[in-house]
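Asks: Sharing a model that was predicted from the sequence below.
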Amino acid sequence: MPDYKAPLRDIKFVMNELLDSEQHYANLEGAEDATPDMVDAIIGEGAKFCEQVLSPLNQVGDKEGCTWSEDGVKTPTGFKEAYQQYVEGGWPSMTADPNYGGQGLPHSLGLVMSEMVGTSNWSWGMYPGLSHGATNTIEEHGTEEQKQTYLTKLISGEWTGTMCLTEPHCGSDLGTLRTKAEPNADGTYAITGTKIFISAGEHDMAENIVHIVLARLPGAPEGTKGISLFIVPKRLPNEDGSSGERNAVSCGSIEHKMGIHGNATCVMNFDGARGWLIGPENKGLNCMFTFMNVARIGTAIQGLGAAELGLQGSVTYAKDRLAMRSLSGAKNPEGIADPIIVHPDVRRMLLTQKAIAEGARALIYMTAQQADIVHNGKTEEERKAADEALGFLTPIAKAFLTEIGYEAANLGMQVYGGHGFISEWGMEQNVRDARIGMIYEGTTGIQALDLLGRKVLMTQGESLKGFTKQVHVFCKENADNEQLKQFIEPLAALNKEWGDLTMKIGMTAMKNREEVGAASVDYLMYSGYAVFAYLWARMAKVAQDKMEEGTTEEMFYNAKLQTARFYFKRMLPRARGHAESMLAGADSLMDMPEEAFVL
Ligand SMILES: Cc1cc2nc3c(=O)[nH]c(=O)nc-3n(C[C@H](O)[C@H](O)[C@H](O)COP(=O)(O)OP(=O)(O)OC[C@H]3O[C@@H](n4cnc5c(N)ncnc54)[C@H](O)[C@@H]3O)c2cc1C
């Protein structure tokens, strides 16, 4: 496993030079503490923790995994101690509500920390990551009493949280869930049912675990309109706030799985466990949607992390490993062979990873800024526009980045040749760990339906227009820039085509609804490449401007420009294939009768 090194220069490039975080934070309500010095100090401290504490535990977690016994789940060596350090460092409280012990820092800053945590050790990062989901739910929808009881403990990190949605027969289609919530005489509910695949459902890192559970009240309407949300703690809270006797919720077993071995994936049995309703009856799914976007950006980070880790390992390896000679003559004549970085195909693999990692960072940070504005924008108008942009960008970030992040992880392994397949180097672990990103928090297929169906077509293309307008303005402003022509011209053409394709699909969908499902994943991937084109063009502009002004960091900015060139010439053409495929019609998928799928 490569030693993780936080990419601080690139993090700062995206935050400060591309997205002007200083101005962004100054425009937010209540973000006064996020001054440039403070932001630098937080990121610097976070980087140290991730490099020195979490990264060394990444391979340990993979090898040891979690172990289940009747007494509970034991996490891998060092996980519990690292969590203790994380709590002592105040990290769980970073972006939480100051009224309950939080520091109230912007979500986007929290996501920078999540990037570093997730890249250095994704399995470990899921424990505080899931707590974040529970924290947000209670922050948004809990009563004052619930906040005092649970939020303070989650924010301090003394307790952790989970999200219990999935059941054995349903994950994507939560409308069919069966877990029951029956009212008790004292106003609480008895929760009964089985939830599966619950990340961090049971572990030894904290004294109590707060489960956020989706369940049905008696007589609730069928489908998604009959789901309510409950808090179900592992240990019932005492009057003084401490954790008391065990609730009737237990972990029946943990899954054996392809990757993320250090994170416990639990079957959770609720046997009449005491639970408290959060938010209105039957509005559980609506309540969850309010923070789902932030959770999904959190998962998008897995794609970024996989690409970054693969890149860090494979760049070092490619400079070191000697094999054959460069086609244009020896570059290392003193050695027995040239380092593999001289070969065009190895460069293709390295540059693809670099374009994905840095593009992903830009996309996630840009999306996170919208999340900041949704929460802390100064005017209603600003908040509404940001909510629309966030809704549009989130499925793209989640699904596109986990798909191409997985591709990057595979390329990281490929650069190592046979050694990539061997555990010692950590590249095969990176591939195994990254694979789940395309499945949980809504599969790629489900995200694509959300994007094309709900976000784009149901708004008559308004959410897309909001974004393409921004791209159009950027292209217009830079239309006369000779140096940037190579980026601006294809970007402007793509931006127009994006709208045309959407219109065409919208028209065919009016005749046949299957067309939406048939086009959706290609549409999402096309959209991902288009958003990346916009971001790479913007990054190229920043780099070009810096080079013209004169800089002592010529190599850094030149690498940005070269990577932008690589992206436009060698990755963006993939969008063509997706455009053709999305217009190919549903019939080539649907005409084949089910019976013809014979084994
Ligand atoms: C390691 C791990 C950790 C997890 N952590 C959690 C957790 O903490 N909490 C939690 O609640 N859940 C968790 N999950 C569950 C996860 O969110 C679900 O597995 C996921 O949402 C998919 O649901 P499913 O497995 O039921 O697949 P299904 O819903 O059965 O889907 C199967 C396939 O059909 C496709 N499909 C389904 N419906 C449609 C449609 N309408 N159109 C097109 N395609 C469709 C899907 O895209 C998928 O490819 C976790 C899962 C794993 C493996």
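Replies: Alright, I've got the coordinates. Numbers count the residues shown, from 1 in each chain.
Asks: Please count neighbours and contacts with C-alpha atoms only from this point.
Replies: Noted.
Asks: out of everything not next to it in sequence, what's closest to residue 35?
Replies: In this structure, residue 35 finds its nearest non-sequential neighbour in residue 22, 7.0 Å apart by C-alpha to C-alpha, 6 or more residues apart in numbering.
Asks: Within its local environment, how many residues does that neighbour see?
Replies: 15 (other C-alpha atoms under 10 Å).
Asks: Phi and psi next, for it.
Replies: Backbone torsions for residue 22, taken as degrees, to the nearest 10, come to phi -60, psi -50.
Asks: pLDDT at it, what is it?
Replies: With respect to pLDDT, residue 22 scores 96.
Asks: again, but for residue 292
Replies: Residue 292 carries a pLDDT value of 75.
Asks: Enumerate the positions of stretch 374-385 that are buried.
Replies: 374, 376, 377, 383, 385 (16 or more other C-alpha atoms under 10 Å).
Asks: chain center to that stretch: distance?
Replies: Offset of stretch 374-385 from its chain centre (C-alpha atoms, centre = their mean, to the nearest Å): 23 Å.
Asks: Identify the residues contacting it?
Replies: By C-alpha atoms under 8 Å, 6 or more residues apart in numbering, the residues outside stretch 374-385 that reach it are 27, 28, 29, 30, 373, 386, 387.
Asks: What about residue 550, how many residues nearby?
Replies: So residue 550, with other C-alpha under 10 Å, has 10 neighbours.
Asks: Show the contacting residues for the residue nearest to residue 35.
Replies: 16, 35, 36.
Asks: Look up the residues forming beta bridges with the residue in the stretch 201-350 of the chain that the ligand sits nearest to.
Replies: Among the residues of the stretch 201-350 of the chain, residue 265 lies nearest to the ligand; the distance is 5.7 Å by C-alpha to the nearest ligand atom. Going by DSSP bridges, residue 265 is paired in beta bridges with residue 199.
Asks: Just give the number of residues close to it.
Replies: Neighbour number of residue 265 under other C-alpha under 10 Å is 22.
Asks: Surely it touches residue 197?
Replies: Yes. Residue 265 lies in contact with residue 197 (C-alpha atoms under 8 Å); the separation is 5.1 Å.
Asks: Mind listing the shared neighbours of these two?
Replies: Common neighbours of residue 265 and residue 197 (C-alpha under 8 Å, 6+ apart) are residue 255.
Asks: picking that back up, among the buried residues of stretch 374-385, which lie within helices?
Replies: 374, 376, 383, 385 (DSSP state H).
Asks: returning to what we had before: closest one to the ligand out of the contacts of stretch 374-385, please.
Replies: For those, the nearest to the ligand is residue 387 (23.4 Å; C-alpha to the nearest ligand atom).
Asks: Is the one helix or strand the closest one maps to in proximity to the ligand?
Replies: Secondary structure from DSSP states H and E places residue 387 in helix 380-395. No. Contact between helix 380-395 and the ligand is absent, the nearest approach being 13.3 Å (criterion: C-alpha under 6 Å from any ligand atom).
Asks: so where's this protein shaky on pLDDT?
Replies: For the chain, the stretches flagged by pLDDT under 70 are 290-291.
Asks: I figured residue 64 hits residue 76, correct?
Replies: Yes. With contact defined as C-alpha under 8 Å, residue 64 counts as touching residue 76 (5.7 Å).
Asks: Can you pull the residues of the stretch 351-500 of the chain lying near the ligand?
Replies: 439, 440, 441, 442, 443, 445, 446.
Asks: which residue sits closest to the fourth one in space, ignoring its chain neighbours?
Replies: This points to residue 442. That would be residue 172: by C-alpha to C-alpha, 6+ apart, it lies 6.5 Å from residue 442.
Asks: On the three-state scheme, that neighbour is what?
Replies: At residue 172, secondary structure determined by DSSP: H, G, I helix; E, B strand; the rest coil is coil.
Asks: tell me the contacts of residue 360?
Replies: For residue 360, counting by C-alpha under 8 Å, 6+ apart, the contacting residues are 303, 304, 397, 401, 532.
Asks: got it, and residue 464?
Replies: 392, 456, 499.
Asks: Report the secondary structure element holding it.
Replies: helix 462-477.
Asks: and the stretch 101-250 of the chain, which residues reach the ligand?
Replies: Within reach of the ligand by C-alpha under 6 Å from any ligand atom, the stretch 101-250 of the chain has these residues: 163, 164, 165, 166, 170, 171, 172, 173, 197, 198, 199.
Asks: Can you select the buried ones among those for me in PyMOL?
Replies: What follows is the PyMOL syntax selecting those of those that are buried according to 16+ other C-alpha under 10 Å:
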select buried, resi 163+164+165+166+171+172+197+198+199
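Asks: Return the closest of the residues of the stretch 101-250 of the chain next to the ligand with respect to residue 47.
Replies: Residue 47 has its nearest neighbour among these in residue 199, at 24.8 Å by C-alpha to C-alpha.
Asks: Which secondary structure state does residue 155 sit in?
Replies: helix.
Asks: Look up the closest residue to it, ignoring the ones flanking it.
Replies: Nearest to residue 155 is residue 93, by C-alpha to C-alpha, 6+ apart, at 4.9 Å.
Asks: How about the contacts made by the one you found?
Replies: 101, 102, 103, 104, 155, 156, 157.
Asks: Let's see that with 7 Å instead.
Replies: Contact partners of residue 93, counting by C-alpha atoms under 7 Å, 6 or more residues apart in numbering, are 101, 102, 103, 155, 156.
Asks: nearest to the ligand, of those residues?
Replies: Nearest member of the contacts of residue 93 to the ligand, counting by C-alpha to the nearest ligand atom, is residue 155, at 18.8 Å.
Asks: what does the domain assignment say about the chain?
Replies: The chain breaks down by the TED database into domains covering 287-451, 460-591.
Asks: Please work out which of those domains is packed deepest.
Replies: Highest mean neighbour count of the domains of the chain: domain 287-451, a mean of 22 (counted as mean count of other C-alpha atoms under 10 Å).
Asks: roughly how far is that domain from the heart of the chain?
Replies: That offset, for domain 287-451, works out to 10 Å (C-alpha atoms, centre = their mean).
Asks: Name the residue of the stretch 451-599 of the chain that lies nearest to the ligand.
Replies: Counting by C-alpha to the nearest ligand atom, the stretch 451-599 of the chain gets nearest the ligand through residue 517, at 6.5 Å.
Asks: That residue belongs to a helix?
Replies: Yes. Judged by three-state DSSP, residue 517 forms part of a helix.
Asks: which ones are touching it?
Replies: So residue 517 contacts residue 449 (C-alpha under 7 Å, 6+ apart).
Asks: Could I get the phi/psi values of residue 159?
Replies: phi -110, psi 150.
Asks: One more: the one 4 residues further on?
Replies: Here the main-chain torsion angles of residue 163 (degrees, to the nearest 10) amount to phi -120, psi 110.
Asks: If we ignore the residues flanking it in sequence, what's nearest it?
Replies: Per C-alpha to C-alpha, 6+ apart, closest to residue 163 is residue 212, 5.0 Å.
Asks: On the strand side of things, show who the one you found bridges to.
Replies: Beta bridges link residue 212 to residue 163, residue 231, judged by DSSP bridges.
Asks: Could you count how many residues lie near it?
Replies: Neighbour tally, residue 212, other C-alpha under 10 Å: 26.
Asks: Next: residue 1.
Replies: 18.
Asks: List the contacts of it.
Replies: 59, 424, 425, 426, 427.
Asks: distance of it from residue 303?
Replies: 17 Å (C-alpha to C-alpha, to the nearest Å).
Asks: In stretch 13-32, which residues are buried?
Replies: 13, 14, 15, 17, 18, 19, 21, 24, 25, 28, 31.
Asks: who touches stretch 444-453?
Replies: By C-alpha under 7 Å, 6+ apart, stretch 444-453 touches 392, 395, 399, 438, 516, 517, 520, 521, 524.
Asks: Most widely separated two among those?
Replies: Largest separation among the contacts of stretch 444-453 by C-alpha to C-alpha: 438 and 516, giving 20.0 Å.
Asks: Using PDB, write down the CA coordinates of the host helix or strand of residue 556.
Replies: Here residue 556 is covered by helix 554-566, with elements defined by DSSP H and E. Taking Å, rounded to 0.1, in the frame of the first residue of the first chain, the C-alpha atoms of helix 554-566 are listed here in PDB:
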ATOM      1  CA  GLU A 554       5.800  26.600 -13.600                       C
ATOM      2  CA  MET A 555       6.000  22.800 -13.400                       C
ATOM      3  CA  PHE A 556       2.700  22.600 -11.400                       C
ATOM      4  CA  TYR A 557       0.800  24.900 -13.800                       C
ATOM      5  CA  ASN A 558       2.300  23.400 -16.800                       C
ATOM      6  CA  ALA A 559       1.200  19.900 -15.600                       C
ATOM      7  CA  LYS A 560      -2.400  21.300 -15.200                       C
ATOM      8  CA  LEU A 561      -2.400  22.500 -18.800                       C
ATOM      9  CA  GLN A 562      -0.900  19.300 -20.100                       C
ATOM     10  CA  THR A 563      -3.500  17.300 -18.200                       C
ATOM     11  CA  ALA A 564      -6.300  19.500 -19.600                       C
ATOM     12  CA  ARG A 565      -5.000  18.800 -23.100                       C
ATOM     13  CA  PHE A 566      -4.900  15.100 -22.400                       C
END
